[in-house]
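*Asks:* Kindly return the folded structure for what I paste below:
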Amino acid sequence: MRVFPSFVWTVRDFTLDLELDGQSITADQYLENALTLKQGDTDNVVKYNKTRSSLREFFAVRKCFVFERPGSTKQMKKMEELTDDDLDESFVEQSEIFCTYIYTNSKPKTMMGGRRVTGRMLATLAQTYVEAISSGQVPSLDSAVESLAQIHNSRAVREAVEFYICEMTKKVQFPTETQQELSDIHAGVEKKAISIFIKGSFNDQNQEYQKDLVVKWLLASHN
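*Replies:* Got it, this is the predicted structure:
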């Protein structure tokens, strides 16, 4: 459960009363009541409980928000033209409460070791999982991390090398006046290129890709 995010359920066009057994309840209580399991082991009961049981088991933190209709049927036909002042006050208030919760409580996605997952990384992970499921395999977090590392570290090496070659080509005019001048330019460009690599790399165990980067620099410097 530690790798699962919190679960936020939003219900649009909510027209029910938030009541249970004649008592007022919160949206969160409404959600928990909706996730209540039925007793029994018939096929219908098992089917009814399956999704609810999974949500209860895998998401320790659960939150619910309900939204009334933003406006009248006439207004709904031109939603893209409306401002907040044109919308139903209750809807605007509910939206503000929802946004405040998301901005305040949402945590950035992280991998093992606390490394934050960027949008590019998340897309790679999603693609890896989809490909595994589509091929009938069981998605593996370890395999996904290895695939992610290979893809992003290879890209980081390529981008760092391209930067190094481009900058050296622009800044160095052979023959240089002294060897020290060439060394100083190389050191400055190399430092920036390493920063590019580190920023784009992920889980480079034993610095294998950084060593590959150095080899490519040596080859580039002799071409």
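*Asks:* so how far is Lys78 from Ser72?
*Replies:* 11 Å (Cβ to Cβ, to the nearest Å). Bear in mind the C-beta positions are built from the backbone N, C-alpha and C, glycine included.
*Asks:* Read off the pLDDT value for the residue nearest the centre of the chain.
*Replies:* Nearest to the mean C-alpha position of the chain, by Cα atoms, centre = their mean, lies Leu122 at 4.7 Å. With respect to pLDDT, Leu122 scores 80.
*Asks:* go on, the one 4 residues further on?
*Replies:* Per-residue confidence (pLDDT) for Ala126: 81.
*Asks:* still on that earlier bit, can you tell me, leaving aside adjacent residues, what's nearest to the residue nearest to the centre of the chain?
*Replies:* Lys109 (6.4 Å; Cβ to Cβ, 6 or more residues apart in numbering).
*Asks:* related to what we said a few turns ago, quick check: the residue nearest to the centre of the chain touching Thr110?
*Replies:* No: Leu122 is not in contact with Thr110 according to Cβ atoms under 8 Å; the separation is 11.1 Å.
*Asks:* show me the contacts for Leu55.
*Replies:* Phe7, Leu35, Arg62 (Cβ atoms under 8 Å, 6 or more residues apart in numbering).
*Asks:* Tell me which helix or strand it sits in.
*Replies:* Using DSSP states H and E, Leu55 sits within helix 43-58.
*Asks:* cool, and Phe65?
*Replies:* Here Phe65 is assigned to strand 62-66, by DSSP H and E.
*Asks:* Output that strand in CSV with nothing but the alpha carbons.
*Replies:* Output of strand 62-66 as CSV, limited to C-alpha atoms (Å, rounded to 0.1, in the frame of the first residue of the first chain):
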residue,chain,number,x,y,z
ARG,A,62,-9.7,8.0,0.6
LYS,A,63,-11.4,11.4,-0.1
CYS,A,64,-14.7,12.3,-1.7
PHE,A,65,-16.0,15.5,-3.3
VAL,A,66,-19.4,16.1,-4.7
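*Asks:* What is the subsequent helix or strand relative to that strand?
*Replies:* Next along from strand 62-66, by DSSP H and E: helix 73-76.
*Asks:* Run the chain-centre distance for that following helix.
*Replies:* 34 Å (Cα atoms, centre = their mean, to the nearest Å).
*Asks:* Quick one: distance of the next helix or strand after that helix to the chain centre.
*Replies:* Once the chain leaves helix 73-76, the next helix or strand it forms, by DSSP H and E, is helix 89-105. With Cα atoms, centre = their mean as the basis, helix 89-105 stands 21 Å off its chain's centre.
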